[in-house]
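**Q** Here you go, sequence then predicted model.
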Amino acid sequence: MELVSKKKLVLVSGRGHEDLAAEVAEALGVKLANIVLSTFANGEIYCRYEETIRGTDVFVFQPHCDPINDTLMEQLIMIDAAKRASAKRITAVCPFYGYARQDRKAEGREPITARLVADMLTAAGADRVVTLDLHTGQIQGFFDMPVDHLTAVTVLSKYLATAVSGPITIVSPDAGGGKLMRRYANRFEEAGIADVELAFIDKRRPKGLHNVALAGELVGSDVTGRSCIIVDDMIDTAGTVANAAALLHERGASEVIIAATHGLMSGAAVERLMGCPVSEVVLTNTLPIPPEKRFPKLTVLSIAEIVAEAIDAVFEDTSVSELFHGDNF
C-alpha cells in the first residue's frame, strides 16, 4: 500500500493580539482555525480545537503581551492541546517573546527566565519557534529546536528612508546596539541615502533597579544639524529613549525620531514620549497598542506581511533567512 500525504496548514490564534493574527491570516490567504478559549472563575484557561487537526502543520500565534503571564500560559495550553490532538508539527509563533530581557544573570541569585520560557515551550510540545527581533540573538541557543528569527528592520527602514531628509545619524541608546545600527545603515545606503553615520549613548543602570536608565554621554559622530534616528528593539517605560532624545536635542540635532519593533508602552511611557523632543515615534504592531496609548506623534507599522511570508516558508520548507537577506541573524 502506498499513500501520498498532503500537508495542511492550520493557523490558530490566542486572545493576545487577534487583530494581528487576522492580518497574518489574510496575508496567507487562509482562515483562522476555530478554537474555544475561555477562562474559569479561578483564572485557569480552557482550550479546545473545534475541528480536527490530526496530521496538520499547526502554527500557534500569540505574542506574549499584557497580561504577559496569561498570554504565555494560554499559548502553552494551545500547544499542548494541539500535541494531544495529533498535530504533525507545531510551530509557536511569538511576534514578541516574553522575558527576553532576562537572558543572563546580572547579579547573584537571579533566574535566567528567557531560558525558562524556552524550556516551557519545548515541554508543551512545540517543534519550532518563529519570533521577531529578540532582545539578544543568543536566546536562540536556549532552544533545542529550530528558531526562525525574523526582523522588522526591513519594514521600519523602508518607512524611515522616506520620512527623513538630509544627513542622518543612527543612534543606539546603549553600547550593545551596534549590530542593529549597522543593519539600518545598510538599508539606508541601499535606498540611496549616502550621508549616514553612527553613534551610541553611554547608558548606565543603577544597580538593583529595574526600568531605570541614565543617559551619560554621546559617543560617535557630531550630531549638530543632523536628523537622528534612535533605534532599539523595544520601548517599555520609554525612560531610556526619552533621555537619549533629550541628550541629542541638547547636542544640536535638527530632529529626533525614535524607531523600535516592540511597543510595550508600560507605566508613564506615553507621557514621556509626548514630553520629549522627538518629531515622531515609529513602532510595529507586534504588540497591541490600545487607543488610550496612541498619540499624535505615534506611527504604527504592520509586520503581518513578513510574518505571513515566514510562516509560508516554514510550511513549504524553504529558506526564511533569504526573505531578510541575512539581516535576521
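**A** Noted; the coordinates are in hand.

**Q** the helices in the chain, which residues?
**A** Counting by DSSP state H, one finds helices in the chain at the ranges 18-28, 68-84, 113-124, 153-163, 178-190, 239-250, 269-275, 304-316.

**Q** Of all those helices, which one is nearest Lys6?
**A** helix 304-316 (12.2 Å; C-beta to C-beta). To be clear about C-beta, it is placed using only N, CA and C from the backbone, and glycine gets the same treatment.

**Q** Just the C-alphas of that closest one, formatted as PDB.
**A** The C-alpha trace of helix 304-316 is given here as PDB (Å, rounded to 0.1, in the frame of the first residue of the first chain):
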ATOM      1  CA  ALA A 304       1.800  41.000   9.200                       C
ATOM      2  CA  GLU A 305       3.300  40.500   5.700                       C
ATOM      3  CA  ILE A 306       6.700  39.400   6.900                       C
ATOM      4  CA  VAL A 307       5.200  37.100   9.500                       C
ATOM      5  CA  ALA A 308       3.000  35.600   6.800                       C
ATOM      6  CA  GLU A 309       5.900  35.100   4.400                       C
ATOM      7  CA  ALA A 310       7.900  33.400   7.200                       C
ATOM      8  CA  ILE A 311       5.100  31.100   8.100                       C
ATOM      9  CA  ASP A 312       4.600  30.200   4.400                       C
ATOM     10  CA  ALA A 313       8.400  29.500   4.100                       C
ATOM     11  CA  VAL A 314       8.300  27.200   7.100                       C
ATOM     12  CA  PHE A 315       5.300  25.400   5.800                       C
ATOM     13  CA  GLU A 316       6.800  24.900   2.400                       C
END
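
**Q** Show me what that helix packs onto, helices and strands only.
**A** strand 9-13, helix 18-28, strand 57-61, strand 89-94, strand 128-132, strand 147-150 (3 or more C-beta pairs under 8 Å, 6 or more residues apart in numbering; DSSP states H and E).

**Q** tell me the most buried of the ones you listed?
**A** strand 57-61 (a mean of 27; mean count of other C-beta atoms under 10 Å).

**Q** Name the residues of stretch 174-183 that are buried.
**A** Within stretch 174-183, the residues scored as buried using 16 or more other C-beta atoms under 10 Å are 174, 177, 180-181, 183.

**Q** hang on, the earlier thing: return the most buried member of the helices of the chain.
**A** Of the helices of the chain, helix 239-250 is the most buried (mean count of other C-beta under 10 Å), at a mean of 22.

**Q** Return the residues in contact with the closest residue to Ala313 other than its chain neighbours.
**A** Spatial nearest neighbour of Ala313, excluding adjacent residues (C-beta to C-beta, 6 or more residues apart in numbering): Val320 at 4.8 Å. Neighbouring residues of Val320 by C-beta atoms under 8 Å, 6 or more residues apart in numbering: 148, 150, 310, 313-314, 328.

**Q** and those, which two are the farthest apart?
**A** The widest separation within the contacts of Val320 (C-beta to C-beta) is 13.2 Å, between Val314 and Asn328.

**Q** what sits in contact with each of these two?
**A** 148, 320.

**Q** Now stretch 63-83: average pLDDT?
**A** Per-residue pLDDT values over stretch 63-83 give a mean of 98.

**Q** sorry, back to before: any idea how far the residue nearest to Ala313 is from Ala100?
**A** Separation of Val320 from Ala100 (C-beta to C-beta, to the nearest Å): 19 Å.

**Q** Over to Leu156?
**A** Taken as C-beta to C-beta, the span from Leu156 to Ala100 is 18 Å.

**Q** returning to what we had before: with pLDDT added, can I get the buried residues of stretch 174-183 in a markdown table?
**A** Shown next, in a markdown table, are the buried residues of stretch 174-183 (pLDDT from 0 to 100):
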| residue | pLDDT |
| --- | --- |
| Asp174 | 87 |
| Gly177 | 87 |
| Leu180 | 93 |
| Met181 | 94 |
| Arg183 | 93 |
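
**Q** Columns distance to Ala242 on top of the residues you listed, output as CSV?
**A** CSV is the format used below for the buried residues of stretch 174-183 (distance: C-beta to C-beta, whole Å):
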residue, distance to Ala242
Asp174, 14
Gly177, 16
Leu180, 19
Met181, 19
Arg183, 23
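
**Q** Which of those sits closest to Gly141?
**A** Nearest to Gly141 among the buried residues of stretch 174-183, with distances taken as C-beta to C-beta, is Leu180, at 18.8 Å.

**Q** Surely the closest one touches Ile230?
**A** No - when contacts are counted by C-beta atoms under 8 Å, Leu180 is not listed as touching Ile230 (10.9 Å).

**Q** Give the intersection of the neighbour lists for these two.
**A** Common neighbours of Leu180 and Ile230 (C-beta under 8 Å, 6+ apart) are Ser172.
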